[in-house]
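K.L.:
fold the stuff below for me.
(2 chains)
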Number of protein chains: 2
Amino acid sequence: MTVTHIDTQETSAAATAEILSAAAAAHAGWSATPPAGRAAVLDRVADALEEAADRLVPVALEETHLPEARLRGELKRTAFQLRLFGTVLREGGYLDARIDHADPEWPMGAPRPDLRRSLRPIGPVAVFSASNFPFAFSVAGGDTASALAAGNAVVVKAHEGHPRLSGLTGTVVQDALKAAGVDPHLLSVVFGRDAGTAVLADSRIKAAGFTGSIPGGRALQDIANGRPDPIPFYGELGSTNPIFVTRDAAQARAAEIVAGFLESFTLGTGQFCTKPGIMFVPRGTGMVEELRNASLPAVGPMLNGRIEAGFNHVLEALSGIDGVQVLNTAAAGSGAPAPVLLGTGVERLLADPQALEAECFGPAAFVVEYDDESQLVEAAKTFEGQLTATLQAEPASEVQDLVAVLAEKAGRLLWNQWPTGVSVTYAQQHGGPYPATTVPGSTSVGTAAITRFLRPVAFQNFPQHLLPPELREDNPFAAPRLVDGVRLV
Amino acid sequence: MTVTHIDTQETSAAATAEILSAAAAAHAGWSATPPAGRAAVLDRVADALEEAADRLVPVALEETHLPEARLRGELKRTAFQLRLFGTVLREGGYLDARIDHADPEWPMGAPRPDLRRSLRPIGPVAVFSASNFPFAFSVAGGDTASALAAGNAVVVKAHEGHPRLSGLTGTVVQDALKAAGVDPHLLSVVFGRDAGTAVLADSRIKAAGFTGSIPGGRALQDIANGRPDPIPFYGELGSTNPIFVTRDAAQARAAEIVAGFLESFTLGTGQFCTKPGIMFVPRGTGMVEELRNASLPAVGPMLNGRIEAGFNHVLEALSGIDGVQVLNTAAAGSGAPAPVLLGTGVERLLADPQALEAECFGPAAFVVEYDDESQLVEAAKTFEGQLTATLQAEPASEVQDLVAVLAEKAGRLLWNQWPTGVSVTYAQQHGGPYPATTVPGSTSVGTAAITRFLRPVAFQNFPQHLLPPELREDNPFAAPRLVDGVRLV
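P.N.:
Model (predicted):
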């Protein structure tokens, strides 16, 4: 196989300006393309990515050290995601179309005019891609898919961890767009921090998506907020994803829970935003002993040296906290880190939750022992916003209070499953209160992610021929609508 | 009638802290109250406000100088709005309930777990009330109604323009809450800038709503964004609300358009966020002459001296711009400002749009003459985000390009009606790109306003008894849902 040269040089200021102009021009045509037309194009992009698997995966392997099976699965997920947004576009409910016919009797004290409201593309979108999902949260990943589906042009800032893959993915997508007869500048890739911040600060960019660390995300969020015209910044920053094991669950199936936990916190070398970083286990059930004596799964190498250095740094800080012990560890593999379980008691955690609940990106987790389940509720209250929180419990467990607290803290609650593995579906929620997400009402995975890149416009007393199709009386695309307060599908 | 003493002293730091604690405690119970229960309470609050009209309106009259009929109408609208949110709660579609049953065949490459997602209250909300709607955008106004409906406690920062009315409204609402059997601390009022910023910065507050000026709103937005845990800040800041008159419309009905415009820009002494501040009219149709010779409507006094001083200051700046003339003015009434029409040409506006398109809060507006309708498109492109944009046009007018540009600039487009008067309905949109609104995807009027104060949570593999009612198989409240991608109502 011949790999052509992939340019990954930092994008100059002049080139960035050209890319932004081209994106704005491409946006104009794309945003006016009917949803079904956009769906057909997304299908073509999905096909092209799958067809290019044998060109993309080797570059990804080289740059990320992730296993080939994982990368091929992730590429499949990425293509699936583009097609799923196509079905969302064809169904039309995402438009949230509402029609109020004029009503002289409207009981507000004034006649109601004819008002019709639906969602439209927000404008060109900046996407900052993630290190740990070189396909699914990168150039053609979830943020891009939802922004394109919503009708926007996208400018992606490539992650420095996989620049060549980013460039190649961009080329594959642009070729597919061209072949589908639309402007290839709908998707562009820029390289380098300066280019990324220039894109985010540019007045033509109307929203941004980000997946990454808390400091990196917050810095970009501050740029978005500090613009003369602030724009929505949808960042997914960090999460510790606590697991709460009730006493009866530990008594009923300690071995199963331990096995599930060990697999989940080491999966992908612990480099998932939903990696469980803390598990609360009851004292006196033998569970800690099982965890101490378990043989920890072997893990592969980390994504890159910078991320490995970060892991070692955070792990060192956590291990050095007074009252924290290393509970279990394995030998480091060749070029790979050693998985580590740290241990402490819930009293220690409650004394300094901020330090002990910090995210550690990599194959490490805390085991926190407790005596009484009321301590779980107390501990749950100390967490910052989370992507997920998990209960390992039995049907008769008294967990109502714990569930109530966790629903305030996390975007997804799991029952007897594990948080790693985020299915792309209609009901998925990947986002929670800050710092899990910068906008707590949003999700970056699942079909609801499209809403982030839309904006409502109402038309008052408009003639039919100037309305968007979904707001016309004849409803040509059969969009679900709310008509005079009644939901019609 | 005896008016009891109303305390409007600046709220001390200690009192603010107590109010926040009480709000957080009240939030816990309210957020767990089923939607229909909350609807019944909102109905009681609406009744209480209407019943207290003869106590509230005299205080409003005294503090705002607005006419009694307007104030009584606004109170009616305020009560209507609370009841309308009640119907939203009873219908249940606002929950955006989604159920994905487990699916081993899900084509993503991994089995789909059982996932169920709906929206829940975001947490206690801070509301900063407006000067110009002492009822509808104040203590019991749209932000409060939508935040309470969503299931949140609310802390309102009273506007300094009507402190006694704010205090009295708070008391009426609290008494109604108590009578309805819920915690009266669901709604509290604080006074003074320091108390307002302390509330906004407090970690127990999870979102904020604001209606007011661009500098005031931006300062608060920066506080919300600068918190260790930034929160969504829904601000409605400013808008010029341009009107575009096509040549054929001017030829067909110049007198009617002139009359409508004069009424709209002087309504409420020009103190509406949707006041049309600029009208583009074709040269050579006699329309400017009609505007010059028209007798401008008399207006009432402004809300207060600070706002009148601001009006005079902006008007002076606008009048002083080279190439701007006073087209028409009336004598000032007793204690009331003189309505003013300024005039200029579209060439002048295009040369310095930022200066000429600034919002002027009060009874003044620009008349901008143009030659060719292509200049309307050019001028439309120069506007910042707007709440509204209006076309005065004929069915055969060629305005497709203009509509396309305006849909990118404004949240509500009107056809042959006037932007003042914002009906509270299902399809209303009151919000646009910055600075019209800080969050372009949101509205502060209409039933969609509730979404601002909600947050999604997904439950994975959860037992039925621990799910919110709208996510249970039996769907006890018959909420509309998206089940396995199919919309069921």
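K.L.:
packing partners of the helix ranked longest in chain A?
P.N.:
Criterion DSSP state H: the longest helix present in chain A is helix A:68-91. Packing partners of helix A:68-91 (3 or more Cβ pairs under 8 Å, 6 or more residues apart in numbering or on different chains; DSSP states H and E): helix A:35-51, helix A:53-64, helix A:142-149. Every residue, glycine included, has its C-beta placed from N, CA and C.
K.L.:
and chain B, is the longest one touching that?
P.N.:
Think helix A:35-51. No - counting by Cβ under 8 Å from any Cβ of the partner chain, chain B is not contacted by helix A:35-51; separation bottoms out at 11.4 Å.
K.L.:
now the angle between helix A:68-91 and that helix, please.
P.N.:
On the basis of axes from the mean of the first three to the mean of the last three Cα atoms, to 10 degrees, helix A:35-51 is oriented at 170 degrees to helix A:68-91.
K.L.:
now helix A:35-51: how far from the chain's centre is it?
P.N.:
Centroid displacement of helix A:35-51 relative to its chain, using Cα atoms, centre = their mean, to the nearest Å, is 21 Å.
K.L.:
equivalent analysis for the last one, please.
P.N.:
Offset of helix A:142-149 from its chain centre (Cα atoms, centre = their mean): 11 Å.
K.L.:
CA atoms only: put it into CSV for me.
P.N.:
C-alpha atoms of helix A:142-149 as CSV (Å, rounded to 0.1, in the frame of the first residue of the first chain):
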residue,chain,number,x,y,z
GLY,A,142,-19.4,12.6,17.1
ASP,A,143,-19.0,16.4,17.2
THR,A,144,-18.3,16.6,13.5
ALA,A,145,-21.1,14.2,12.6
SER,A,146,-23.7,16.1,14.7
ALA,A,147,-22.5,19.5,13.5
LEU,A,148,-22.6,18.4,9.8
ALA,A,149,-25.9,16.7,10.3
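K.L.:
same for that helix, what does it pack against?
P.N.:
Here helix A:142-149 touches helix A:35-51, helix A:68-91, strand A:125-128, strand A:154-157, strand A:207-211, going by 3+ Cβ pairs under 8 Å, 6+ apart.
K.L.:
hang on, the earlier thing: any idea of the mean pLDDT in the longest helix of chain A?
P.N.:
Averaging pLDDT along helix A:68-91 gives 97.
K.L.:
reformat the helices and strands packed on helix A:68-91 as CSV; add mean neighbour count.
P.N.:
Formatted as CSV, the helices and strands packed on helix A:68-91 follow (neighbours: other Cβ atoms under 10 Å in any protein chain shown):
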stretch, mean neighbour count
helix A:35-51, 19
helix A:53-64, 18
helix A:142-149, 30
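K.L.:
including mean pLDDT, could those go into JSON lines?
P.N.:
Formatted as JSON lines, these follow (pLDDT from 0 to 100):
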{"stretch": "helix A:35-51", "mean pLDDT": "98"}
{"stretch": "helix A:53-64", "mean pLDDT": "97"}
{"stretch": "helix A:142-149", "mean pLDDT": "98"}
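K.L.:
just the pLDDT for residue A:6.
P.N.:
Residue A:6 is assigned 86 on the pLDDT scale.
K.L.:
burial check on it, number of neighbours?
P.N.:
Residues lying near residue A:6 (other Cβ atoms under 10 Å in any protein chain shown) number 15.
K.L.:
wait, what's in contact with it?
P.N.:
A:59, A:163-164, A:167-168, A:171 (Cβ atoms under 8 Å, 6 or more residues apart in numbering or on different chains).
K.L.:
most neighbours among these, which one?
P.N.:
Of all the contacts of residue A:6, the highest neighbour tally under other Cβ under 10 Å goes to residue A:168, namely 23 neighbours.
K.L.:
now it, what are its backbone angles?
P.N.:
Dihedral angles of residue A:168 (phi, psi; degrees, to the nearest 10) stand at phi -70, psi -40.
K.L.:
thought it was touching residue A:55?
P.N.:
Yes - with contact defined as Cβ atoms under 8 Å, residue A:168 counts as touching residue A:55 (6.7 Å).
K.L.:
pop the domain breakdown of chain A in here.
P.N.:
Segmentation of chain A into domains, based on automatic domain parsing, reads A:13-237+A:440-483, A:243-415.
K.L.:
tell me which of these is the most buried.
P.N.:
Counting by mean count of other Cβ atoms under 10 Å in any protein chain shown, domain A:13-237+A:440-483 has the highest mean neighbour count of these, with a mean of 21.
K.L.:
in chain A, where is pLDDT below threshold?
P.N.:
Applying pLDDT under 70 to chain A picks out residues A:1-4.
K.L.:
make TSV out of the helices and strands packed on helix A:142-149 and add distance to residue A:178.
P.N.:
Formatted as TSV, the helices and strands packed on helix A:142-149 follow (distance: least, Cβ to Cβ, whole Å):
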stretch	distance to residue A:178
helix A:35-51	10
helix A:68-91	16
strand A:125-128	20
strand A:154-157	16
strand A:207-211	24
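K.L.:
what bridges to the closest residue to residue A:423 other than its chain neighbours?
P.N.:
Nearest residue to residue A:423, sequence neighbours excluded (Cβ to Cβ, 6 or more residues apart in numbering or on different chains): residue B:112, at 5.1 Å. For residue B:112, the beta-bridge assignment (DSSP bridges) gives partners residue B:103.
K.L.:
give the contact list for residue B:112.
P.N.:
Applying Cβ under 8 Å, 6+ apart, one finds that residue B:112 lies in contact with A:423, A:425, B:100, B:102-104, B:106.
K.L.:
relative to residue B:99, how far out is it?
P.N.:
Distance, residue B:112 to residue B:99, by Cβ to Cβ, to the nearest Å: 12 Å.
K.L.:
widest-spaced pair of the contacts of residue A:6?
P.N.:
Maximum pairwise distance in the contacts of residue A:6, criterion Cβ to Cβ, is 12.8 Å, between A:163 and A:171.
K.L.:
residue A:271 touches residue A:360, doesn't it?
P.N.:
No - look at residue A:271 against residue A:360 with Cβ under 8 Å: they stay out of range, at 10.8 Å.
K.L.:
quick one, phi psi at residue A:132?
P.N.:
Dihedral angles of residue A:132 (phi, psi; degrees, to the nearest 10) stand at phi -90, psi -10.
K.L.:
that one against residue A:275, yeah?
P.N.:
No - in this structure residue A:132 lies outside contact range of residue A:275 using Cβ under 8 Å: 9.8 Å.
K.L.:
between the two, which contacts overlap?
P.N.:
By Cβ under 8 Å, 6+ apart, the residues touching both residue A:132 and residue A:275 are residue A:268.
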